[in-house]
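>>> have a look; sequence and predicted model below, questions after that.
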Amino acid sequence: MAATLQLCYGKTFKRPFAVAPPNSGYSPKPNPSRIIMCSASSQSKRRYTITLLPGDGIGPEIISVAKNVLNLTASLQGIDLSFQEMAVGGVALDLTGVSLPEETLSMAKQSDAVLLGAIGGYKWDANEKHLKPETGLLQLRAGLNVFANLRPATVLPQLVDASTLKKEVAEGVDIMVVRELTGGIYFGKPRGFGTDENGEEIGFNTEVYAGYEIDRIARVAFETARKRQGKLCSVDKANVLEASMLWRKRITAISSEYPDVELSHMYVDNAAMQLVRYPKQFDTMVTNNIFGDILSDEASMITGSIGMLPSASLGESGPGLFEPIHGSAPDIAGQDKANPLATVLSAAMLLRYGLGEEEAAKRIEAAVLDTLDRGFRTGDIYSSGTKLVGCKEMGEEVLKSVESRVPAAL
Ligand SMILES: NC(=O)C1=CN([C@@H]2O[C@H](COP(=O)(O)OP(=O)(O)OC[C@H]3O[C@@H](n4cnc5c(N)ncnc54)[C@H](O)[C@@H]3O)[C@@H](O)[C@H]2O)C=CC1
Ligand SMILES: CC(C)CC(=O)C(=O)O
């Protein structure tokens with residue numbers, strides 16, 4: 001049975017996403033028997049294995065908090081979680097010489113869901129591409145085939161004052177960015193370094209999308225929009241890029257399957273501007289890998305901080321990958337300054353999308369809101385009149401809120 005899906009606090013999916021068959025090159029009507037979901041989606045199963053990938057920088061600090069929150073929530077909700085911690089990123093490079101060891105990918109594939117902190121750091125910045133922590137993360141996403149990355153950017157009433165935008169602009173913003181995650185310029189070939197006809201050194205990458213890749217992310221986005229406010233904005237650069245021209249054509253074609261969803265198209269440069277001008281115009285946005293990466297970081301600031309934004313990356317089968325949208329923040333690593341809430345909220349997405357444990361997910365989200373209501377803030381979301389705490393203390397306060405919130409009160 002498919003998990004009950006909920007995107008953005010309080011909006012419940014009544015049916016799962018329908019997607020196109022992989023590598024098919026064509027796009028049939030959605031077939032309800034083919035669904036995007038994670039392996040552990042049966043409500044009756046209450047024992048799960050979670051692969052934890054703390055990674056680098058602030059990764060271990062935020063994963064430690066999220067693990068404690070998951071553990072307590074699970075025990076209160078009658079769920080049995082077991083964790084296996086594996087190396088990825090720079091820490092894996094140092095230990096094994098590769099940023100995604102085979103054991104890590106294989107353990108991740110065998111588990112019910114994967115929770116990642118972040119990877120990367122100054123130490124490895126000058127490494128060749130195959131020896132970069134970032135390469136390991138891309139290999140993990142590709143290895144799990146998690147092509148649909150859901151990045152909710154919601155301005156919580158408690159954090160309106162933390163937004164860098166005026167209150168009247170930020171208040172009520174509730175956007176879901178659906179980012180294509182396993183294609184586009186991050187993966188396209190040819191890529192590399194060389195010399196041009198003048199002997200000048202060059203670096204090159206390829207933005208490439210196959211029709212089926214666009215169709216399957218389009219269906220995820222239309223299904224998502226359908227369960228929200230029914231508005232989907234597709235973001236591209238179709239005035240310049242062939243890959244975007246195809247993107248727009250295929251998204252437009254798929255829209256005929258969703259007459260109830262209002263589709264619009266926007267160039268990415270305009271979308272970047274509109275996000276800070278009038279973000280409330282957006283409900284669901286769908287875009288390619290690189291534009292989604294950039295626009296979701298931009299959207300995060302509307303909500304107060306990149307330290308607040310979770311994400312879920314899902315494929316057609318197998319475990320989902322759950323991670324905050326931020327990086328390893330090497331500038332604050334090891335200083336107990338990181339905001340762990342994006343990772344805690346990613347753990348809630350893991351429970352909802354990865355395991356189908358809706359009540360437990362809600363319990364965590366309610367605990368985060370309760371902690372903010374009680375005035376606790378890490379430095380990135382601090383405003384006068386609130387209580388400044390570090391990463392650990394924020395985690396302890398979330399645990400108190402998890403304990404005090406009974407499911408009936410949710
Ligand atoms: N998914 C991942 O693991 C990602 C990894 N990276 C990697 O992370 C490293 C640093 O990249 P940056 O561009 O600096 O991006 P970043 O997201 O790590 O940091 C950007 C800014 O946001 C702050 N920040 C980020 N997360 C925070 C949190 N939870 N609490 C408080 N402040 C937070 C940082 O202190 C920094 O000032 C690089 O090696 C990069 O490749 C970057 C993005 C995603
Ligand atoms: C670090 C990269 C591999 C990816 C990235 O920047 C992201 O997905 O946010």
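Yep, that arrived. Ligands and ions are numbered 1, 2, ... in the order given.
>>> quick check: the residue of the stretch 1-150 of the chain found nearest ligand 2 vs residue 392, distance?
Using C-beta to the nearest ligand atom, residue 134 is the residue of the stretch 1-150 of the chain that sits closest to ligand 2, at 4.0 Å. No exception for glycine: its C-beta is placed from N, CA and C like everyone else's. For residue 134, the distance to residue 392 (C-beta to C-beta, to the nearest Å) stands at 27 Å.
>>> those two: which has the busier surroundings?
residue 134 (18 against 15; other C-beta atoms under 10 Å).
>>> doesn't residue 203 make contact with residue 190?
No - between residue 190 and residue 203 there is no contact under C-beta atoms under 8 Å: 11.4 Å.
>>> in which helix or strand does the residue of the stretch 1-150 of the chain closest to ligand 2 reside?
Under the criterion DSSP states H and E, the helix or strand holding residue 134 is helix 133-144.
>>> can I get the helix or strand just after that helix as PDB, trimmed to CA atoms?
Next helix or strand after helix 133-144 toward the C-terminus (DSSP H and E): strand 148-154. Taking C-alpha atoms only, strand 148-154 is exported to PDB below (Å, rounded to 0.1, in the frame of the first residue of the first chain):
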ATOM      1  CA  ALA A 148      12.100  13.900  -7.800                       C
ATOM      2  CA  ASN A 149      13.300  16.400  -5.100                       C
ATOM      3  CA  LEU A 150      10.600  18.100  -3.100                       C
ATOM      4  CA  ARG A 151      11.700  21.300  -1.400                       C
ATOM      5  CA  PRO A 152       9.000  23.000   0.600                       C
ATOM      6  CA  ALA A 153       9.600  26.700   1.400                       C
ATOM      7  CA  THR A 154       7.000  27.700   3.900                       C
END
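>>> report whether strand 148-154 contacts ligand 2.
No - for strand 148-154 and ligand 2, the contact criterion (C-beta under 6 Å from any ligand atom) is not met; the two come no nearer than 7.7 Å.
>>> strands paired with that strand, and their directions?
Applying DSSP bridges, strand 148-154 is found paired with strand 174-180 (antiparallel), strand 312-314 (antiparallel).
>>> what sits against residue 378?
If a contact means C-beta atoms under 8 Å, 6 or more residues apart in numbering, then residue 378 has 307, 337, 338, 339, 340, 341, 388, 389, 390, 391, 394 as its contacts.
>>> my bad, should have said residue 404
Contacts for residue 404 (C-beta under 8 Å, 6+ apart) come out as residue 370.
>>> per-residue pLDDT of it, please?
On the pLDDT scale, residue 404 is placed at 94.
>>> and it, how far is that from residue 370?
Going from residue 404 to residue 370 by C-beta to C-beta gives 7 Å.
>>> for residue 213, same thing?
Shown here: residue 213 relative to residue 370, a distance of 40 Å by C-beta to C-beta.
>>> between these two, who's got more neighbours?
Comparing residue 213 with residue 370 by other C-beta under 10 Å, the one with more neighbours is residue 213, at 23 against 19.
>>> tell me the angle the helix or strand hosting residue 301 makes with helix 133-144.
Using DSSP H and E, the element containing residue 301 is helix 289-302. Relative orientation of helix 289-302 and helix 133-144, computed by axes from the mean of the first three to the mean of the last three C-alpha atoms, to 10 degrees: 110 degrees.
>>> picking up where we left off before, ok, now which ones touch the residue of the stretch 1-150 of the chain closest to ligand 2?
99, 119, 120.
>>> now the strands for the stretch 201-350 of the chain?
Using DSSP state E, counting those that start in this stretch, the strands of the stretch 201-350 of the chain run over 201-204, 231-236, 262-267, 284-287, 312-314, 320-322.
>>> and these: which comes nearest ligand 2?
Closest of the strands of the stretch 201-350 of the chain to ligand 2 is strand 312-314, at 9.2 Å (criterion: C-beta to the nearest ligand atom).
>>> who's in contact with the closest one?
Contacts of strand 312-314 (C-beta under 8 Å, 6+ apart): 36-38, 141, 144, 146-150, 181, 220, 320-323, 346, 349-350, 352-354.
>>> now do stretch 120-129
Outside of stretch 120-129, the residues within contact range by C-beta under 8 Å, 6+ apart are 55-57, 89-90, 93, 131-135, 327-328, 330, 333.
>>> just the buried members of these?
Using 16 or more other C-beta atoms under 10 Å as the burial test, the contacts of stretch 120-129 include 55-57, 89-90, 93, 132-135, 327-328, 330, 333 as buried.
>>> okay, these in CSV with distance to ligand 1 and pLDDT next?
Below are the buried ones among the contacts of stretch 120-129 laid out as CSV (distance: C-beta to the nearest ligand atom, whole Å; pLDDT from 0 to 100):
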residue, distance to ligand 1, pLDDT
55, 6, 98
56, 7, 98
57, 6, 98
89, 7, 98
90, 8, 98
93, 12, 98
132, 8, 98
133, 7, 98
134, 5, 98
135, 10, 98
327, 2, 98
328, 4, 98
330, 6, 98
333, 8, 98
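>>> as TSV, those residues with distance to residue 114 would be great.
Converted to TSV, the buried ones among the contacts of stretch 120-129 look like this (distance: C-beta to C-beta, whole Å):
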residue	distance to residue 114
55	12
56	16
57	18
89	13
90	18
93	19
132	20
133	16
134	17
135	17
327	17
328	17
330	23
333	22
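>>> list the buried ones in the helix holding residue 301?
Within helix 289-302, the residues scored as buried using 16+ other C-beta under 10 Å are 289-293, 295-302.
>>> do stretch 101-113 as well
101, 104, 105, 107, 108, 111, 112, 113.
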